[in-house]
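Colleague: what follows is a predicted structure for the sequence shown.
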Amino acid sequence: MKLICDGAVYQVSCNSDVSIWIEPWASWDARDQWMSLAQANQKRPSPNHKWSPPPDGWLKINTDAAFANGKSTSGIIFKNKNGSLVLAATFAHDCPDATTTECLAILDACNLAKIHNIKKATFLSDCPIAITCINNSPTTSYWTANPVVEKMAFLEHCVYKQIC
């Protein structure tokens, strides 16, 4: 792995002990920054979310996506008011950016809802930009996501919400 610090590139090897090979003049600065990042990652508390059921006759649909190097994968989970799994799926796409990836995850969920004749659903995503794109009219800011968002209009009684 490579670590870039103040414009210098350092080779980093991560195994049971973290070792950093760098030129001596920059070793303490890089070490301090590396330790600071490691401590920041360890101190992050896990969010404590409590699942709340959807209203009677509705489903709650959680979506998430990952994006790297023009490829994306989305995961979708449908649950009923009892919290029981109704449907789950994953999809892979070629994709231009992370926002479009998150919108594609929601579109994949919409398509599954349509196939299974689900008319009332709450879609949850951890991507506020995707939810904003869907709930508002298309914008030029996220033009790559607009064609994806426009395909979601067929579900009449759906709610799109951001979760943390």
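Modeller: Yep, that arrived.
Colleague: next SSE downstream of the helix or strand harbouring Ala113?
Modeller: Using DSSP states H and E, Ala113 falls within helix 98-115. Later in the chain than helix 98-115, the nearest helix or strand by DSSP H and E is strand 120-125.
Colleague: ends of stretch 117-129, how far apart?
Modeller: End-to-end distance for stretch 117-129: 27 Å, by Cα to Cα, to the nearest Å.
Colleague: ok, Thr99 touching Ile106?
Modeller: No: the pair Thr99 / Ile106 is not scored as a contact, 11.2 Å apart, by Cβ atoms under 8 Å. C-beta: built from backbone N, CA, C; applies to glycine.
Colleague: show me which of the two is the more surrounded one.
Modeller: Neighbours were counted for Thr99 and for Ile106 using other Cβ atoms under 10 Å; Ile106 has more, 29 against 21.
Colleague: please point out which parts of the helix holding Ala113 sit buried.
Modeller: Neighbour-count burial for helix 98-115 flags 98-113 (criterion: 16 or more other Cβ atoms under 10 Å).
Colleague: name the helices or strands packed onto it?
Modeller: strand 59-68, strand 71-79, strand 85-94, strand 120-125, helix 128-135, helix 146-150, strand 157-162 (3 or more Cβ pairs under 8 Å, 6 or more residues apart in numbering; DSSP states H and E).
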